[in-house]
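> I would like to see how this sequence folds:
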Amino acid sequence: MIVGFWIAVTGLGLVLFLAVHLGGVGMALLDPMGFERFATTLHQQAWLPWLEVALLAAALAHPLLSLQRARANRQARGPDPGPLRSRRQGPWEPLAALAARLIPWSGSLLLLFLAVHLAQLRWHRPVDGAELAAVLAVLQSPWCLVLYVAAGAAAGLHLLHGAESAVRRLGLLDPANAVALRLGGRGLALLLGAGFALLPLALVLRPAVPLLAGR
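Numbering: from 1, shown residues only. Below is the predicted model:
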């Protein structure tokens with residue numbers, strides 16, 4: 001019970017960060033210079049390193065706790081439990097079931113992306129005013145672009161199953177609100193997954209004129 005609670009808490013904390021992060025990076029499409037000012041101001045905050053430590057701890061604890069929970073569930077179900085099947089019907093259910101089966105793979109891809117992303121843009125942070133240029137330089141590599149797009153899709157799939165699982169583990173899911181929470185979680189998964197998958201492509205394809213005009 002405690003393990004499930006912390007899986008949910010760490011997962012929802014990471015989802016909140018992803019939503020804020022997508023909003024911040026999305027500024028690069030609409031207001032490149034505003035994005036640079038935002039990035040510079042953010043990285044000057046004294047609390048940022050503490051937040052980054054907390055996020056990294058959550059990003060590492062979440063899969064470790066999930067592995068522990070999966071091992072316990074497997075032992076409880078016996079040596080040959082057979083595949084789990086959902087009794088719910090609806091157009092989203094096949095995709096939700098696929099997302100549940102792919103949780104180990106989507107999670108592993110997200111961990112790989114996190115390591116690459118931090119090495120590229122955080123551990124060697126660009127100088128003030130060059131954040132977008134550094135992002136675009138990274139995305140010029142075809143394999144990096146593929147990884148960033150695939151990680152966005154993986155985040156969406158992971159959330160498609162994980163959002164509902166988190167609210168259930170926190171005891172927030174009941175018959176009265178199940179449909180609303182389920183649809184809200186899947187809508188959030190679609191928004192974040194599509195946002196992070198399409199944003200790298202949009203940044204690569206965007207014309208250079210807006211950034212030059214803001215200088």
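> okay, now the unreliable bits of this structure?
Per-residue confidence for the chain (pLDDT under 70) gives these ranges: 1, 77-92, 208-215.
> how far out from the middle of the chain is stretch 27-45?
With CA atoms, centre = their mean, to the nearest Å as the basis, stretch 27-45 stands 20 Å off its chain's centre.
> list the buried ones in it?
Neighbour counts over stretch 27-45 (16 or more other CB atoms under 10 Å) mark Met27, Ala28, Pro32, Met33, Phe35, Glu36, Arg37, Phe38, Ala39 as buried. Any C-beta I mention is one placed from the backbone N, CA and C, and that applies to glycine too.
> just the helices in this structure please.
2-30, 32-43, 48-77, 93-101, 103-121, 131-139, 142-169, 178-205, 209-213 (DSSP state H).
> circling back: closest one of the buried residues of stretch 27-45 to Ala154?
Closest approach between those and Ala154, by CB to CB: Ala28, at 21.6 Å.
> contacts only, for that closest one.
By CB atoms under 8 Å, 6 or more residues apart in numbering, the residues touching Ala28 are Phe35, Leu132, Val135, Leu203.
> distance to Pro63 added to those, as JSON lines?
Output for the contacts of Ala28, formatted as JSON lines (distance: CB to CB, whole Å):
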{"residue": "Phe35", "distance to Pro63": "30"}
{"residue": "Leu132", "distance to Pro63": "31"}
{"residue": "Val135", "distance to Pro63": "26"}
{"residue": "Leu203", "distance to Pro63": "28"}
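> which members of these are classed as buried?
The buried subset of the contacts of Ala28 (16+ other CB under 10 Å) comprises Phe35, Leu132, Val135, Leu203.
> winner for burial among the helices of the chain?
Counting by mean count of other CB atoms under 10 Å, helix 142-169 has the highest mean neighbour count of the helices of the chain, with a mean of 20.
> now for that one, which elements pack on it?
Applying 3 or more CB pairs under 8 Å, 6 or more residues apart in numbering; DSSP states H and E, we find helix 142-169 packed against helix 2-30, helix 93-101, helix 103-121, helix 131-139, helix 178-205.
> and the second one, what other elements does it pack with?
On a contact count with 3+ CB pairs under 8 Å, 6+ apart, helix 93-101 meets helix 142-169.
> now the helix it packs on against helix 93-101, angle please.
Relative orientation of helix 142-169 versus helix 93-101 (axes from the mean of the first three to the mean of the last three CA atoms, to 10 degrees): 100 degrees.
> from the chain's centroid, how far away is helix 142-169?
With CA atoms, centre = their mean as the basis, helix 142-169 stands 5 Å off its chain's centre.
> what separation do you get for the residue nearest to Thr40 when sequence neighbours are not counted and Gly34?
Among residues not flanking Thr40 along the chain, Asp128 sits closest, at 4.5 Å (CB to CB, 6 or more residues apart in numbering). Separation of Asp128 from Gly34 (CB to CB, to the nearest Å) stands at 14 Å.
> go on, Gly26?
Gly26 sits 11 Å away from Gly34, going by CB to CB.
> over to Leu12?
Using CB to CB, one gets 29 Å for the distance from Leu12 to Gly34.
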